[in-house]
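[1] show me how the following folds:
(2 chains)
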Amino acid sequence: MIRFGSTLQNYWDWRAAGNFIFGGTGSGLLILATLMSWPGPLEPAAGLPAVVLIGLGLFLVWLEIGRPWRFLHVFFHPQTSWMTREGSVAVLLLPLALLAIVFAQGWLLALTGVLAIAFLYCQARILQASKGIPAWREPAVVPLIVISGLTEGTALLFLISAVAGQPQSWTEPLLVILLAARGYAWVRYRAALTAAEAPAEALAALGRFNPLLLGGGNVLPLVLALAATALPTQQLPLMFSAALLALAGGWLSKFVIIRKAAHLQGYAVGRLRRGRPQIRPPVRRKPDRFVS
Amino acid sequence: MTRWVMVADLNRCVGCQTCTAACKHTNATLPQVQWRKVIDIEWGSYPDAHRLFMPVGCQHCADPPCMSVCPSTATGQREDGIVTIDYDLCIGCGYCMVACPYQARYKVTRPHFAYGDEPMPSEAVRFDEGRMGVAQKCTFCSDRVDEGLARGLTPGIDPEATPGCVNACIADALSFGDIEDENSNVSRLLEEKTWFQMHGELETETGFYYLWDGGKQEE
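    Modelled structure (predicted):
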């Protein structure tokens, strides 16, 4: 097959990346915060930053759209659009999280946690549905984004609790597990892209950042977190460093996936065939509203 | 049922970009927008070097990824397979642009005209503010098709009912017609020649077919 013309997409810039970065961390933090706060109310020191992060991500998307005052149209297509689903979940999630901070209701907290999981999952599926970008449509991107959101949320929760003088010790083993899982998801993602013959430029971009992302963003914080359990006297600074690196690693990986490895499918000469084609009817035969 | 498709004969295309110019003229697209364009492909190296010209644009897929991702339902699909954009619904999120595997969509937030920021009189007359900040792409000249049909004409045969790019092609490389009709011009071409669809592995089932003999004509 002859392939050519794969260039880096410029349709979604740093603002879109910001939604995946802040939204992922925010929803991850909210999931962890609901677990920490059970049976309620939601701990405001974790809940409020999570709400702000998710809101900031959505605000960045709003800044990117070409017709910002039509933003309500984003809710029109829940049948198939993961963007509509993300927006719809966010509309429920943000007020519910605020209510969960005020009212000590188990069901409210549980619903907030479930919606935060749904939000994170929607973000991952938004990328996977982008068929024009091989590095996004790869199914292995879904676990990577979800695990990364959880890792970032855990890291941020530890940082917040440590700064508040009450480090949550249960986050330490969880961070170790999540860092190992994220490292594996990253390696698996890259291998899947190579197997799928993603554009060489995208693979090269991921390769360039690999030492920083896998080494600096996963292996090093994993070693630091393990060292923290072995060295009780240095536990706090080691865990603090591990959490910071885990957070930065997640943010950088999303920036790289969305802004550096997002090469378009390009054009191709396909496999030659002979004979009358099998005709597939259009999936949705929707009349054109402008034609009588 | 009718399913409009386009057929591009790569053995005939000379890369003159007349279709590109005709499309721009017909649809009054801005200079940074090309609903139809011809890609110049070179591969191999001397003495085994090859060159090919490939007209590209919206492939009017049967299962368009742009439509399923669109959050506003601005991207739709007609009964005859033509993929449409409702400029009044589109929010310009660009999701369809990253979902399209054919790089067929454009979004212009700030217009640039042929000679800078100010339009020439001819550009000013046809400038469409409704296309600003939203996704846009090839329509298969659906207005011409519909108007032609209303007048009893046959798209792909009668020029008044045929997309501008097809009418303009100097090499007769582009054809337009109803693939559901076994006797149509496009059906006959696909019956007689070898063809391919771009990115068939993505199962979008394009409404755009390329005729090619695999380079035999060069030999």
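[2] drop to CA atoms for contacts and neighbour counts, all remaining ones
    Fine.
[3] so what's the most centrally placed residue in chain B up against?
    Most central in chain B under CA atoms, centre = their mean is residue B:57, positioned 3.9 Å from the mean C-alpha point. Shown in contact with residue B:57 (CA atoms under 8 Å, 6 or more residues apart in numbering or on different chains): B:35-37, B:102-104, B:137-138.
[4] now those residues as JSON lines including pLDDT?
    As requested, these are exported to JSON lines (pLDDT from 0 to 100):
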{"residue": "B:35", "pLDDT": "98"}
{"residue": "B:36", "pLDDT": "98"}
{"residue": "B:37", "pLDDT": "97"}
{"residue": "B:102", "pLDDT": "97"}
{"residue": "B:103", "pLDDT": "97"}
{"residue": "B:104", "pLDDT": "97"}
{"residue": "B:137", "pLDDT": "98"}
{"residue": "B:138", "pLDDT": "98"}
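[5] those in strands, which ones?
    residue B:37 (DSSP state E).
[6] just the contacts of residue B:57 that are near chain A?
    B:102-103 (CA under 8 Å from any CA of the partner chain).
[7] contacting residues around residue 97?
    Just so you know, I chose chain A. Here residue A:97 is in contact with A:42, A:47, A:51, A:109, A:112 (criterion: CA under 8 Å, 6+ apart).
[8] actually, chain B is the one I wanted.
    Per CA under 8 Å, 6+ apart, neighbours of residue B:97: A:11, A:132, B:66, B:103-106, B:135.
[9] which ones are touching the nearest residue to residue A:52 once chain neighbours are set aside?
    The shortest distance from residue A:52 to any non-neighbouring residue, by CA to CA, 6 or more residues apart in numbering or on different chains, is to residue A:26 (7.6 Å). Residue A:26 makes contact with A:49-54, A:149, A:153, according to CA under 8 Å, 6+ apart.
[10] quick one: the strands in chain B, in order.
    B:4-9, B:37-45, B:48-56, B:75-77, B:83-85, B:106-107, B:135-136, B:174-178, B:194-196, B:208-211.
[11] returning to that earlier point: closest to residue A:62 out of the contacts of residue B:97?
    Within the contacts of residue B:97, the smallest distance to residue A:62 is 14.0 Å, found for residue A:11 (CA to CA).
[12] any idea of the pLDDT on that closest one?
    pLDDT recorded at residue A:11 is 95.
[13] what about the helices in the stretch 1-150 of chain A?
    A:14-37, A:44-64, A:82-102, A:106-128, A:134-137, A:141-163 (DSSP state H, counting those that start in this stretch).
[14] reformat these as CSV; add mean pLDDT.
    Formatted as CSV, the helices of the stretch 1-150 of chain A follow (pLDDT from 0 to 100):
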stretch, mean pLDDT
helix A:14-37, 97
helix A:44-64, 97
helix A:82-102, 98
helix A:106-128, 97
helix A:134-137, 97
helix A:141-163, 97
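[15] nearest to residue B:51, out of these?
    Per CA to CA, nearest to residue B:51 of the helices of the stretch 1-150 of chain A: helix A:134-137, 25.8 Å.
[16] which strands and helices sit next to the closest one?
    helix A:106-128 (3 or more CA pairs under 8 Å, 6 or more residues apart in numbering or on different chains; DSSP states H and E).
[17] show me which residues of the helix it packs on are buried.
    Across helix A:106-128, burial judged by 16 or more other CA atoms under 10 Å in any protein chain shown covers A:106, A:108-113, A:115-128.
[18] same question for stretch A:173-191.
    Applying 16+ other CA under 10 Å to stretch A:173-191 flags A:175-176, A:178-183, A:185-186, A:188-190 as buried.
[19] stretch B:118-136 now?
    Buried, per 16+ other CA under 10 Å, within stretch B:118-136: B:119, B:127, B:131-136.
[20] could you give the average pLDDT over it?
    For stretch B:118-136, the mean confidence score works out to 95.
[21] then stretch B:143-159?
    97.
[22] for chain B, see how far away the residue nearest to residue A:52 is.
    As defined by CA to the nearest CA, to the nearest Å, residue A:26 lies at a distance of 22 Å from chain B.
[23] equivalent analysis for residue A:209, please.
    Applying CA to the nearest CA to residue A:209 and chain B gives a distance of 22 Å.
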